[in-house]
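**Student:** my questions concern the predicted model and sequence given below.
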Amino acid sequence: MKVVIIGGVAGGATAAARLRRLDEKAQIVIIERSGYISYANCGLPYYIGGEITRKESLTLQTPESFWRRFRIDVRVKQEAVSIDAEKKIVGIKNLVTGEEYKESYDKLILSPGAKAIKPDIEGIENEKVFTLRTVEDTFAIAGFVERNHPKTATVIGGGFIGLEMAENLVHKGIDVTVVQRSNHVMPTIDSDMAAILHNYMRNKGIKLCLNSGVIGIEEAEGQVKTLINGKEAITSDMLIMAVGVVPESSLAKEAGLELGIKGAIVTNTHMQTSNLDIYAVGDAVEVKHFVTDKKAVISLAGPANKQGRIAADNICGIQSEFKGSQGSSIMKMFGMTVASTGLSKTAADREGIDSDYVILTSSSHANYYPGAESMYVKVVFEKENGKILGAQIIGFGGVDKRIDVLATAIRAKMTAYDLEELDLAYAPPYSSAKDPVNMAGFAICNVLDGIVKQIHWDDLERLPEDAVILDTRTDGEYANGHIEGALHIPLDSLRERMNEVPEGKTLYVYCQSGLRSYLACRILGQNGYDCFNVSGGFGFYQNMALNKQMEQEGTGPCGLR
């Protein structure tokens, strides 16, 4: 059996190695148009920033190491230019010599990946404008920085690549402005969580230009000027264009393969295309979103690796299936971590799912053990049955651990009641006896079971003028900031001062984190009052709406140190 693989990196290289492990006799050929067969794509910004210091560290495998270990024929700087699906022949061009030749196959795997979007705007070809997708792109940016010592940079796009580049350019001593078309960076998370990231980025010196569309690029006396619709232009020494990627599917289209949304290659669960002898994997393929069951394009290394393995399995007679992606992702921004999985509340609303969410203020481990760091946890659930739809976590420690547990819960189609029962590892240096994931389950179940009613901060803007908002924090907390016009009765004196609470009114109760206000609602509810707990507490509101920077030091469940 002869298998030709077009494209390496995550999907193609994984497929090749798996094929060899399953079939020692197969002839395997990889055609890769760049100079690198398998590299750490996600590590590229960190080489530019100096976190990764050796070029060799970016290269996971070389043609020579692939041959030594797997006896796989890897041909770099060679591009597949045509596919004759009927005759099972790939046309290939050697990009060094210009020679063209043909290669036959029994099975073909397409792993062309995605290409960086370059908007059709004036000036995009300026030599100071860069995209970041390949190792060659990385060396071009790093070389420019080393030769020219830029003092300012503009980054267009606030997704993963844009923000990672912004951080790493700051590490190089460069003054960075991030331009984002929508009202917040990181479109995989909701705007309330993104606001916390905004505050942190600004504190680190990154300027944010939100709700801003780029309409042109101009040369400006040795610099590059970014023209923004309705706003003042931004002049800088270099510009990174990071507005996203699109599937590289032109070869598949020319071969007559079926394409889907965004021009991605359509495959079945075995990663077979509309031609059953041609498989496709990675960023170029259309997938099923695991939560919604709808078609999606999700460009992440994890799914690409799994798809490469699954394609190889099926070629070798093992009936493996790719059951969809839920977009689990994580990003470092200086000392902060931002992670998400499944659906955001915005995405759930867009899909017409009747959902709600809880916000928790948590610590990475027990507060009495030194070094506890804070995090905000947002968990989206389906109102009807408590099924977990998605989660977002932003904080300074323990974020990766919790997002992985919640990603697993979504994969297992768990509900909030299952989260309550999860038996998670605990010791004071690592967690709390009630882990934040368990606490999310408790909070959701309290809502589902009618033990407490909740309202979110953005809902307060729509309350009637005579609404009664009750602050249950301490005198000191209240003095340091509160909602204008709020009635203030600390939780611990609420029972004795119940006569001060207006009767016949709906109460909207808040504290610093949402815990004490929950307790207040239980007291008030059992004394005949109708009340709502304000989710997330005043601490979340301060970060979200009042531009306060998130504190790194962990707080107790009630929001106090």
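**Tutor:** Now that the structure is in, tell me what you want to look at. Numbering: from 1, shown residues only.
**Student:** what's the span of stretch 170-182, first residue to last?
**Tutor:** 23 Å (C-alpha to C-alpha, to the nearest Å).
**Student:** got the contact list for that stretch?
**Tutor:** 48-51, 145, 150-158, 162-163, 166, 169, 185, 201, 204-214, 226, 228, 234, 236-237, 243 (C-beta atoms under 8 Å, 6 or more residues apart in numbering). From N, CA and C alone the C-beta is placed, and that goes for glycine too.
**Student:** recalculate using a threshold of 7 Å.
**Tutor:** Stretch 170-182 has contacts (C-beta atoms under 7 Å, 6 or more residues apart in numbering) with 49-50, 145, 150-158, 162, 166, 169, 185, 204-214, 226, 228, 234, 236.
**Student:** burial measure for the nearest residue to D458 once chain neighbours are set aside, as a count.
**Tutor:** Distance criterion C-beta to C-beta, 6 or more residues apart in numbering; nearest residue to D458, sequence neighbours excluded, is D192 at 7.5 Å. By other C-beta atoms under 10 Å, 24 other residues sit near D192.
**Student:** again with the one 10 residues further on
**Tutor:** The burial count assigned to R202 is 13, neighbours taken as other C-beta under 10 Å.
**Student:** Three-state assignment for E64, please.
**Tutor:** helix (DSSP: H, G, I helix; E, B strand; the rest coil).
**Student:** where's the most far-flung residue of the chain relative to its centre relative to G317, distance?
**Tutor:** Distance from the centre of the chain peaks at N499, with 48.6 Å (C-alpha atoms, centre = their mean). Computed as C-beta to C-beta, to the nearest Å, the N499 to G317 distance reads 78 Å.
**Student:** ok, V281 next?
**Tutor:** Per C-beta to C-beta, V281 is found 18 Å from G317.
**Student:** okay, the two: which has more neighbours?
**Tutor:** Between V281 and G317, counted using other C-beta under 10 Å, V281 has the larger neighbour count: 32 against 8.
**Student:** check that one and give its pLDDT.
**Tutor:** Looking at V281, its pLDDT reads 97.
**Student:** again, but for the one 4 residues further on
**Tutor:** In this prediction, V285 carries a pLDDT score of 97.
**Student:** what do you get for A301?
**Tutor:** Confidence at A301, expressed as pLDDT, is 89.
**Student:** can you count the residues close to the residue nearest to it when sequence neighbours are not counted?
**Tutor:** Nearest non-adjacent residue to A301, counting by C-beta to C-beta, 6+ apart: A10, 4.8 Å away. Other residues near A10 come to 28 when the count uses other C-beta under 10 Å.
**Student:** swap in the one 3 residues further on?
**Tutor:** Summarising burial for A13: neighbours were counted as other C-beta under 10 Å, giving 27.
**Student:** what is the helix or strand where it lies packed up against?
**Tutor:** Under the criterion of DSSP states H and E, A13 resides in helix 9-22. On a contact count with 3 or more C-beta pairs under 7 Å, 6 or more residues apart in numbering; DSSP states H and E, helix 9-22 meets strand 2-6, strand 27-32, strand 38-39, helix 63-70, helix 301-315.
**Student:** returning to that earlier point: confirm the residue farthest from the centre of the chain sits in a helix?
**Tutor:** Yes - under three-state DSSP, N499 falls within a helix.
**Student:** how far off centre is the helix holding A13?
**Tutor:** Centroid separation between helix 9-22 and its chain, computed with C-alpha atoms, centre = their mean, to the nearest Å, is 26 Å.
**Student:** on that earlier part again, which of the contacts of stretch 170-182 are buried?
**Tutor:** 49, 145, 150, 152-158, 162, 166, 169, 185, 204, 206, 208-209, 212-214, 226, 228, 234, 236 (16 or more other C-beta atoms under 10 Å).
**Student:** how about residues contacting the one helix or strand the residue nearest to D458 maps to?
**Tutor:** Assigned by DSSP H and E, D192 belongs to helix 191-203. By C-beta under 7 Å, 6+ apart, the residues outside helix 191-203 that reach it are 183-186, 208, 333, 336, 338, 376, 378, 392, 394, 543-544, 547-550.
**Student:** got a PyMOL select line for the buried ones in those?
**Tutor:** In PyMOL syntax, the buried subset of those is picked out as below (16+ other C-beta under 10 Å):
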select buried, resi 184+185+186+208+333+336+338+376+378+392+394+543+544+550
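**Student:** next step: the contacts of helix 191-203 restricted to helices.
**Tutor:** N543, M544 (DSSP state H).
**Student:** what residue ranges in the stretch 251-400 of the chain score low on pLDDT?
**Tutor:** Applying pLDDT under 70 to the stretch 251-400 of the chain flags no residue at all.
**Student:** could you do the chain as well?
**Tutor:** Filtered on pLDDT under 70, the chain yields the residue ranges 40, 561.
**Student:** centre-most residue in it?
**Tutor:** Nearest to the mean C-alpha position of the chain, by C-alpha atoms, centre = their mean, lies S329 at 4.0 Å.
**Student:** is R402 part of a helix or strand, or is it coil?
**Tutor:** Per three-state DSSP, the local secondary structure of R402 is helix.
**Student:** quick check: it touching N438?
**Tutor:** No - with contact defined as C-beta atoms under 7 Å, R402 and N438 do not form a contacting pair (10.4 Å).
**Student:** sorry, back to before: state the distance from the residue farthest from the centre of the chain to I489.
**Tutor:** Applying C-beta to C-beta, the value for N499 to I489 is 10 Å.
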